[in-house]
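Novice: sequence and predicted structure, then a few things I'm wondering about:
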Protein chains: 2
Amino acid sequence: MTIKSFIPPKRTLMGPGPSDVSERVLQALARPTIGHLDPSFVGMMDEMKSLLQYAFQTGNDLTFPVSAPGSAGMETCFVNLVEPGDKVIVCQNGVFGGRMKENVERCGGVPIMVEDAWGEVVDPNKLEAALKANPDAKVVAFVHAETSTGVQSDAKTLTELAHQHDCLVIVDAVTSLGGTPIKVDEWQIDAIYSGTQKCLSAPPGLSPVSFSARAADVIKSRKSKIQSWFLDLSLVMGYWGGGAKRAYHHTAPINNLYGLHEALVILQEEGLENAWARHAFYHQALRAGLEAMGIRFLVKEAHRLPQLNAVTVPDGVDEAAVRQTLLQDYGLEIGAGLGALAGKVWRIGLMGHACNENNVLYCLEALDKVLGKMNAPIKAGTAVVAAQEVLAKQAV
Amino acid sequence: MTIKSFIPPKRTLMGPGPSDVSERVLQALARPTIGHLDPSFVGMMDEMKSLLQYAFQTGNDLTFPVSAPGSAGMETCFVNLVEPGDKVIVCQNGVFGGRMKENVERCGGVPIMVEDAWGEVVDPNKLEAALKANPDAKVVAFVHAETSTGVQSDAKTLTELAHQHDCLVIVDAVTSLGGTPIKVDEWQIDAIYSGTQKCLSAPPGLSPVSFSARAADVIKSRKSKIQSWFLDLSLVMGYWGGGAKRAYHHTAPINNLYGLHEALVILQEEGLENAWARHAFYHQALRAGLEAMGIRFLVKEAHRLPQLNAVTVPDGVDEAAVRQTLLQDYGLEIGAGLGALAGKVWRIGLMGHACNENNVLYCLEALDKVLGKMNAPIKAGTAVVAAQEVLAKQAV
């Protein structure tokens, strides 16, 4: 056995994440590792908190990146807020609502499912009915931006309903943070988690979370011990919230945090509203191109996530062969369908650093050529022109 | 608020970890992010498994890096192998045995503690007595290399005893992997976890683990669901063990994995035995210098970890002021005491890339000068010469 250094191929990442990471963020990753208790590192952590508070639009003190990917951020919310026997209303309209249900069960909680079709938003009426039928529910959990379908639910309305029935809310914002509006304080979200590898365009491996004072109080007044030591916020708070007297809990992923810090500095430089507008704008260009080709969106227009475009595979097309050709011939990654949508849709991401004019045109041209060669039922040669018409309208 | 890019200071990391990361590994971190299901990435994962099997000296199929720091590797072992009501004998001789106890309790297990003084090895006789007194125990857990004290216990003997009483073993090898011999197959260890930021000199954020076939069988025949979704090996195996048909579980920390891969390639190039010998050799040089100064080791000679030197703070010395001066004036990080040893010891690491002649001499010179200025009760001006005498004997 002699294994050599791994040199990854250059890709254009337009799947459901990870998204392309900018050279600035990659270079930040390569800065010298320092100790996790170094005063200089501690200063960086304080900045990280401010930057994440900005991204989440919150003043929540308990705002930090969990030292593991988004799934661990999800688990952090559930293990800290759900105790054995607690009723949790889980709204499911895709893969990630199902994962929430798994989390509730593993905490000993009782999930009450509110189901909507994949590709539809969470229906507030169904949630309200579930709240009325379960006056003893403690938590409502839903996915703001379903990565498996590209649909965006109305987090503000769902949160208001939950609060009217005295429930806390847990929100999955893995794919929305930095790409579409999230206003944690204005919407009064109690617990929220996200990922770094979507619209923030940092490498995967960290999960930004934020907890309201109300959620922190619930954690402090738990009857049972939190089942995870690694994700126990009463311990983690001593490290991320301790100011000068930070207590050692675990060794933070130093270099990954450099990368996230740089990605958040870039977001701050652009401005959150500008980032949202950019995602919306390039989505319109991509959409024009796809529709000109005759490719249809899975999700109704009003509910689409600009950063994740789930489109139906044209009839008779071998979707896996298309993705393979895009990867091999164009170095372009787009996503397959997940779960019930496997084989039926593609998921085209326009996230963070990858959400730009070049990528829109490159993706449309590549799809046009690959599908054209396969004699797929599309209008070949129309996509790029249609997108360029939208792009020409760009005010900036 | 305007936050700028974070430029860390250049440090020499000679604490209990993270250790200095080489330029080669830092550059690997900065390679372009690709998708976690990219065929090219999947090939890298296969290599990673081989490289970790080499480092652990095992053929275990279930060998991979958990996507989070060492504490999560510990939790992976416990949540998968311990079910509610299971008796687990936990040997404690420092901080990390205490963390194991926490893990057992949070899994609903019943910890039976075998206590030894901090700085002493785990006593096999005490373990044997506990095994005899608890014939229904299912698991024995101990720390091979206690990062809080610098002591190395006899993993082979402890594992044999556990097996004689039909118990599985869980071994903490966070600080030992790559620095001192670990032979997972020869010693028949059932479950082991480590970290990347110690003797492998990759950044923190991943936890290499390995499970024997026997341990995998125990996981497969569990009566209860694993309490953590993120760390559930029956799910993770589908991703790391799935070969060509890998199932999506969570998004792996891509760039961190590039770094670990490169660090393991470096280990393979040097050779595991050579790496162990290098740690032993520079430890002797550091030791000669420290002893010449009059600084005493916490741990008996036969049980010392070469890569983590816990030494007692000379009488009357403000240990925190010494560390602060080393950091400010020399950019040198050494570790403080943890838990019961806080304020009483320093922990000087010689781990991985940081275990070299320059660092030994730099650390001794810096300590000598800082302690000398403080009029500490040491023999000033002797340390470097004493270390050089040992270094001159180097055969290579």
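Specialist: Happy to help now that I have it.
Novice: state the distance from the residue lying closest to residue A:204 once chain neighbours are set aside to residue A:16.
Specialist: Spatial nearest neighbour of residue A:204, chain neighbours left out: residue A:197 (3.8 Å); criterion: Cβ to Cβ, 6 or more residues apart in numbering or on different chains. In this view, the C-beta of every residue, glycine as well, is placed from N, C-alpha and C. Distance, residue A:197 to residue A:16, using Cβ to Cβ, to the nearest Å: 10 Å.
Novice: neighbour count: those two, which is higher?
Specialist: residue A:197 (33 against 30; other Cβ atoms under 10 Å in any protein chain shown).
Novice: buried stuff in the helix or strand hosting residue A:281?
Specialist: According to DSSP states H and E, residue A:281 maps onto helix A:272-293. Within helix A:272-293, the residues scored as buried using 16 or more other Cβ atoms under 10 Å in any protein chain shown are A:272, A:275-276, A:278-293.
Novice: how about whichever helix or strand residue A:89 is part of as CSV, C-alpha atoms only?
Specialist: In this structure, residue A:89 sits in strand A:87-92 according to DSSP H and E. The C-alpha trace of strand A:87-92 is given here as CSV (Å, rounded to 0.1, in the frame of the first residue of the first chain):
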residue,chain,number,x,y,z
LYS,A,87,-45.0,15.8,22.7
VAL,A,88,-43.4,17.4,19.7
ILE,A,89,-45.4,18.4,16.6
VAL,A,90,-43.2,17.7,13.6
CYS,A,91,-44.2,19.2,10.2
GLN,A,92,-42.9,17.0,7.4
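Novice: ok, that strand near chain B or not?
Specialist: No - Strand A:87-92 does not reach chain B (Cβ under 8 Å from any Cβ of the partner chain); its nearest approach is 13.4 Å.
Novice: how about the strands in chain A?
Specialist: A:12-13, A:62-66, A:87-92, A:110-115, A:139-143, A:145-146, A:151-152, A:168-172, A:191-193, A:207-211, A:308-312, A:332-333, A:335-336, A:345-349 (DSSP state E).
Novice: ok so, going back, just checking, the residue nearest to residue A:204 touches residue A:178?
Specialist: No - between residue A:197 and residue A:178 there is no contact under Cβ atoms under 8 Å: 11.1 Å.
Novice: just to revisit the earlier point, between the helix holding residue A:281 and strand A:345-349, how many degrees?
Specialist: Helix A:272-293 and strand A:345-349 meet at an angle of 140 degrees, taking axes from the mean of the first three to the mean of the last three Cα atoms, to 10 degrees as the criterion.
Novice: and helix A:272-293, anywhere near chain B?
Specialist: No - counting by Cβ under 8 Å from any Cβ, chain B has no neighbours in helix A:272-293; the shortest distance is 12.2 Å.
Novice: for chain A, which spans come out with low pLDDT?
Specialist: A:1, A:241-246, A:395-396 (pLDDT under 70).
Novice: near chain B, which residues of the stretch 151-300 of chain A show up?
Specialist: Within the stretch 151-300 of chain A, the positions near chain B by Cβ under 8 Å from any Cβ are A:195, A:197, A:203-205, A:225-230, A:248-256, A:258-259, A:261-262, A:264-265, A:268.
Novice: number of nearby residues for residue A:377?
Specialist: By other Cβ under 10 Å, 12 other residues sit near residue A:377.
Novice: understood, closing this out.
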